[in-house]
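Novice: I'd like to go over a predicted model; first the sequence, then the structure.
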Amino acid sequence: MKKMLILMLVLGLASVASATLQISVDGDPEPIDSEIFLLPSEIAILDIWTDADISPGVGEVYWALVCRTADGTISGGIVVPPYDTEPGIVIYPDPVANGVPGLPQGANGVWGGISLTGVISLIPAGDVIYDDIEFHCEWAPNDVVIELYTTDFGTSELVDAVVIHQIPEPATIALLGLGGLLLRRRK
């Protein structure tokens, strides 16, 4: 019995170590360091999915999805059915206020956790666990980077990032063009 308990503990910890979370945008899994293009007034819907099986067992997986607050906001989010019925899978706002370490200076967003003692069935690779996380930005002069960290509340590790390139709206480009024409005509 003791050997069986030790085996289950080891396998549970191995499943925590192999569980890698990834970001997807609008439901499409994106490769690591992916890039997307948005108009400044658009909202991107972010999901968090796993690229490895997560087995029930012993241990916890915590994560934080953040961007610099000067560049945009990340808010909302739900646990996707059927995982919303499992008590160990949760999502919260404001990782900085809740003491998630190792996040970039001036960043904030949402965070959550998966308690493997609360997971009652296998979460297969490719499943979306968290959905409806909103990213919004009116306008940032540079690209915006959304970063996903896993954490043990001692250290945090960057596991995925998405780069948002903002495309100026057509009206903005038209106004810039008219201004350029007026300046040219003045000369």
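Specialist: Here it is on my side, so go on.
Novice: Next one: the residue positioned nearest the centre of the chain, what pLDDT does it get?
Specialist: Among the residues of the chain, the one closest to the centroid is residue 65, at 3.8 Å (Cα atoms, centre = their mean). Residue 65 carries a pLDDT score of 96 in this model.
Novice: mind listing the strands for the chain?
Specialist: 21-25, 28-29, 34-38, 43-50, 60-68, 73-79, 89-93, 107-115, 128-136, 144-151, 156-166 (DSSP state E).
Novice: Nearest residue to residue 157 in space, ignoring adjacent ones along the chain?
Specialist: residue 150 (5.4 Å; Cβ to Cβ, 6 or more residues apart in numbering). Quick note: C-beta positions are derived from backbone N, CA and C, even for glycine.
Novice: That neighbour reaches residue 114, doesn't it?
Specialist: No. Under the criterion of Cβ atoms under 8 Å, residue 150 is not in contact with residue 114, lying 10.3 Å apart.
Novice: lowest confidence element among the helices and strands of the protein?
Specialist: Using mean pLDDT, DSSP states H and E, helix 2-18 stands out as the lowest-scoring helix or strand of the chain, at a mean of 37.
Novice: is it possible to export the strands of the chain to TSV including distance to residue 181?
Specialist: Supplementary listing: the strands of the chain in TSV, determined by distance: least, Cβ to Cβ, whole Å:
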stretch	distance to residue 181
strand 21-25	37
strand 28-29	40
strand 34-38	27
strand 43-50	33
strand 60-68	36
strand 73-79	36
strand 89-93	46
strand 107-115	41
strand 128-136	33
strand 144-151	31
strand 156-166	24
